[in-house]
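**Q** Dropping the sequence and predicted coords here.
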Amino acid sequence: MVPELASRDHIRRAIPLLEQTLQGAGIAAKDVDAIAYTQGPGLAGALLVGSSVACSLGLALDKPVLGIHHLEGHLLSPLLASDPPEFPFVALLVSGGHTQLMRVDGVGQYELLGETLDDAAGEAFDKSAKLLGLGYPGGPAISRLAEFGDPAAYKLPRPMLHSKDLNFSFSGLKTAVLTVVKNQGMTNICEQSKDQMRANIARGFVDALVDVLVAKCVAALKQTGLKRLVIAGGVGANSQLRAALNDAAAKKRFRVYYPELEFCTDNGAMIAFAGAMRLRINPEAARREYSFNVRPRWPLDELKVV
Ligand code: KG4
Ligand code: ZN
């Protein structure tokens, strides 16, 4: 990812996408109540594009604007489903940049229970996929490949599985994939064996990562005494993770909630929804003051109750 190129791409796409979305929804820009935009965390250049488009539109249309935390968008996205969870719940946020367990008591009431000490789960998917010669984003590709893998072929390490806290560490797992790929000497074997070996490694990787995520979710529910678990972020689209969590939920008697698949990976609806939730609780949450700053680093538990 080249930040500067990503920002330029955002500039080119923002207005046409906005027009297309309004047209699809059958409303005019003047009909919206407020404009929500992602204020952080993330790449500064891309955040600046979104913020400047949103605040300029707000000024031009005389609409209030509100800056939303990207992870709050993910966290609240399961509430867009037809059978949404009630507060309080434990949320596992698993995206390309974050792996966190949070206790969620309401909009703006987030307590960090544990997080990754190094790579995020999605990052581990993407880096391991690259080592296996798969494209970006690696998550869906490695997940599909793993379906054909033999679970007994490679037993990869389960980092921090027994750490007795709710933190994660995934960089060692990626290194384990690298070591296996190197040691297998994939250069002198036929294509068919190579494909099977890649599938086996993918399977070993997914099984290890899913084992750790599920164990920590179960531990977080036990620690908080809560019975509702919400999964959010791109990795939440993963079918193996969903199957393992559903299994654990049936055995340990808790309920697990997922966003609709289209709201798992990054999307604008979750930001609009988080904005709407904040406005519903506090109509003063949006402002008519159109200068803006972005927050590339912004811990979620710094968000205030609205
Ligand atoms: O939430 P997201 O769209 O963007 C961030 O905020 O980071 O998450 C993107 C991440 C990528 O690392 C991608 O590989 C991963 O989510 N991902 C998946 C799947 N779909 C997306 N990982 C595993 N299995 C999937 N099906
Ligand atoms: Zn995201």
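**A** Received it, and whenever you're ready, just let me know what you need. Ligands and ions are numbered 1, 2, ... in the order given.
**Q** The longest helix that the chain contains close to ligand 1?
**A** The longest helix of the chain (DSSP state H) is helix 191-224. No. Helix 191-224 stays out of contact with ligand 1 when judged by C-beta under 6 Å from any ligand atom, the minimum separation being 8.1 Å. C-beta: built from backbone N, CA, C; applies to glycine.
**Q** gap between the spatially most central residue of the chain and residue 140?
**A** Centroid-nearest residue in the chain: residue 233, 2.1 Å away (criterion: C-alpha atoms, centre = their mean). As for residue 233, its distance to residue 140 is 14 Å (criterion: C-beta to C-beta, to the nearest Å).
**Q** Can you tell me the closest non-neighbouring residue to the residue of the stretch 51-200 of the chain found nearest ligand 1?
**A** Closest to ligand 1 within the stretch 51-200 of the chain is residue 139: 2.1 Å, counting by C-beta to the nearest ligand atom. Of all residues not flanking residue 139 in the chain, residue 125 sits nearest, at 4.1 Å (C-beta to C-beta, 6 or more residues apart in numbering).
**Q** where along the stretch 151-300 of the chain do the helices fall?
**A** 171-183, 191-224, 239-252, 268-281 (DSSP state H, counting those that start in this stretch).
**Q** Can you redo those helices as JSON lines, where the extra columns are mean pLDDT?
**A** JSON lines is the format used below for the helices of the stretch 151-300 of the chain (pLDDT from 0 to 100):
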{"stretch": "helix 171-183", "mean pLDDT": "93"}
{"stretch": "helix 191-224", "mean pLDDT": "95"}
{"stretch": "helix 239-252", "mean pLDDT": "98"}
{"stretch": "helix 268-281", "mean pLDDT": "96"}
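**Q** Go through those helices and name the closest to residue 93.
**A** The closest of the helices of the stretch 151-300 of the chain to residue 93 is helix 191-224. By C-beta to C-beta, the value is 11.1 Å.
**Q** Count residues in the vicinity of residue 176, would you?
**A** Using other C-beta atoms under 10 Å, residue 176 has 20 neighbouring residues.
**Q** Tell me how far residue 214 lies from residue 162.
**A** Distance from residue 214 to residue 162, by C-beta to C-beta: 14 Å.
**Q** out of these two, which sits in the busier spot?
**A** Applying other C-beta under 10 Å to residue 214 and residue 162 shows that residue 214 carries more neighbours, namely 19 against 6.
**Q** can you tell me how far that one sits from ligand 2?
**A** 21 Å (C-beta to the ion, to the nearest Å).
**Q** Residue 118: neighbour count?
**A** 14.
**Q** And for the one 3 residues further on?
**A** When neighbours are counted by other C-beta under 10 Å, residue 121 registers 29.
**Q** can you pull the contacts of it?
**A** For residue 121, the contacting residues are 94, 95, 99, 168, 170, 209, 213, 235, by C-beta atoms under 8 Å, 6 or more residues apart in numbering.
**Q** Save those residues as a markdown table, and put in neighbour count and distance to residue 300 too.
**A** Compiled in a markdown table, the contacts of residue 121 are given as follows (neighbours: other C-beta atoms under 10 Å; distance: C-beta to C-beta, whole Å):
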| residue | neighbour count | distance to residue 300 |
| --- | --- | --- |
| 94 | 29 | 14 |
| 95 | 23 | 12 |
| 99 | 30 | 12 |
| 168 | 27 | 16 |
| 170 | 26 | 19 |
| 209 | 28 | 22 |
| 213 | 23 | 18 |
| 235 | 28 | 17 |
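**Q** For the residues you listed, which two are the farthest from each other?
**A** Within the contacts of residue 121, 95 and 209 form the most distant pair, 13.9 Å apart (C-beta to C-beta).
**Q** list the helices and strands the helix or strand hosting residue 104 packs on?
**A** Assigned by DSSP states H and E, residue 104 belongs to strand 99-106. Using 3 or more C-beta pairs under 8 Å, 6 or more residues apart in numbering; DSSP states H and E, the elements in contact with strand 99-106 are helix 70-76, strand 89-94, strand 109-115, helix 191-224.
**Q** Residues of the chain that sit close to ligand 2?
**A** Listed as neighbours of ligand 2 in the chain under the rule C-beta under 5 Å from the ion: 95, 266.
**Q** Pull the contacting residues for the closest residue to ligand 2 within the stretch 151-300 of the chain.
**A** Closest residue of the stretch 151-300 of the chain to ligand 2, C-beta to the ion: residue 266 (4.3 Å). Each residue near residue 266 by C-beta under 8 Å, 6+ apart is listed here: 70, 95, 234.
**Q** repeat for residue 273
**A** Residue 273 neighbours (C-beta under 8 Å, 6+ apart): 73, 76, 77, 79, 80.
**Q** Need these in CSV (columns: neighbour count).
**A** Shown next, in CSV, are those (neighbours: other C-beta atoms under 10 Å):
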residue, neighbour count
73, 24
76, 25
77, 27
79, 19
80, 16
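**Q** Format the residues you listed as CSV; extra columns: pLDDT.
**A** Below are the contacts of residue 273 laid out as CSV (pLDDT from 0 to 100):
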residue, pLDDT
73, 96
76, 95
77, 95
79, 95
80, 95
